[in-house]
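1. give me the fold of what follows.
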Amino acid sequence: MNSIMLALRQVRYENSAFWRNPAAAFFTIVFPLMFMVIFNLIFGSQEVTDESGNTYNLSTFYVPGIMVFAVVGATYTNVAMGISFARDGGLLKRMRGTPLPSWSYLAGKIVHSVLLTVLLVIIVAGAGWLAFDVDLPTTKLPSVLLTLAIAAATFCTLGLAVTSIIPNADAAPAIVNASILPLLFISDVFIPLDDAPVWLTTLADVFPVRHMALAMHSAFNPFEAGAGFEWAHLLVMAAWLVAGALFTIRFFRWEPRR
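-> Numbering: from 1, shown residues only. Model prediction:
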């Protein structure tokens, strides 16, 4: 059996293991929907005015924002936590002694995370359209798909990279959440930062979360013309993708730290 078929079998295994774990499915699938409902019920009816003087409801902000949150959870958090627990339990070390190629194992986890991303994007977009009357960016669909593809690749890679600084499974939740939750709050995901201090937005601009959020907000903004391709934001995410890949190649560990 060739490596590609083994990778596909690993994807099927990862998918089965995920759906048989109710806690993982709840936090990955239900959590974003809970946040979207809460934020929209509390703030969704409020109106905001953009720099061009156009007015729209905050629901148009929260649907793409929660979409970003869902993608980050399905890729960065899912990959980082899964690899950390597998390594600390000795699974990665034992796996390298089997006929399964190392890249097939990692590809199985990454492809599974990407499939979760696709599912979550469809669920969040559909819920936003049905429940909160948010127009879907059908005319900007190519730009949305490109943004999601680059973002998923970037955050999967960064999820692998961050495992290099996680000492053990007990520390994984703290390190993963501490590295991503603050960025979600300063990156136009949960809170509009139109009136935020310059230093805060400058700090957020360094990291890929804000660039994905801005690209998605641009796509969902009904007053923005054009195809919706935000090349500057995509370039920053691509730079983090390359940096994360190089860091992973250099420092990724298959065995637990003793």
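
2. which stretches of the stretch 101-250 of the chain form helices?
-> Taking DSSP state H, counting those that start in this stretch, the helices of the stretch 101-250 of the chain run over residues 102-132, 141-162, 172-185, 198-204, 208-220, 231-251.

3. please work out which of the ones you listed is packed deepest.
-> Most buried of the helices of the stretch 101-250 of the chain, by mean neighbour count (mean count of other Cβ atoms under 10 Å): helix 208-220, with a mean of 25. In this view, the C-beta of every residue, glycine as well, is placed from N, C-alpha and C.

4. re the thing from before, so can I have CSV of the helices of the stretch 101-250 of the chain showing distance to residue 66?
-> Below are those laid out as CSV (distance: least, Cβ to Cβ, whole Å):
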stretch, distance to residue 66
helix 102-132, 6
helix 141-162, 14
helix 172-185, 10
helix 198-204, 18
helix 208-220, 10
helix 231-251, 18
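
5. so can I have a markdown table of those showing mean pLDDT?
-> Below are those laid out as a markdown table (pLDDT from 0 to 100):
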| stretch | mean pLDDT |
| --- | --- |
| helix 102-132 | 91 |
| helix 141-162 | 95 |
| helix 172-185 | 94 |
| helix 198-204 | 93 |
| helix 208-220 | 94 |
| helix 231-251 | 96 |
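
6. figure out which of those is closest to residue 41.
-> helix 102-132 (9.3 Å; Cβ to Cβ).

7. just the angle between that closest one and helix 231-251, please?
-> Here the directions of helix 102-132 and helix 231-251 differ by 150 degrees (axes from the mean of the first three to the mean of the last three Cα atoms, to 10 degrees).

8. next, the angle helix 208-220 makes with helix 102-132.
-> Going by the same axes, to 10 degrees, helix 102-132 makes 40 degrees with helix 208-220.

9. tell me which of the helices of the stretch 101-250 of the chain sits nearest to residue 75.
-> helix 141-162 (3.9 Å).

10. pLDDT value on residue 95, please?
-> Looking at residue 95, its pLDDT is 83.

11. run through the residues that contact the spatially closest residue to it that is not a sequence neighbour.
-> Spatial nearest neighbour of residue 95, excluding adjacent residues (Cβ to Cβ, 6 or more residues apart in numbering): residue 105 at 5.6 Å. Shown in contact with residue 105 (Cβ atoms under 8 Å, 6 or more residues apart in numbering): 7, 10, 92, 95.

12. contact partners for the last one?
-> Right, the one you point to is residue 95. So residue 95 contacts 86, 102, 105 (Cβ under 8 Å, 6+ apart).

13. quick check: the residue nearest to residue 95 vs residue 98, distance?
-> 9 Å (Cβ to Cβ, to the nearest Å).

14. cool, and residue 146?
-> In terms of Cβ to Cβ, residue 146 sits 36 Å off from residue 98.

15. just residue 133 next, same as before
-> 51 Å.
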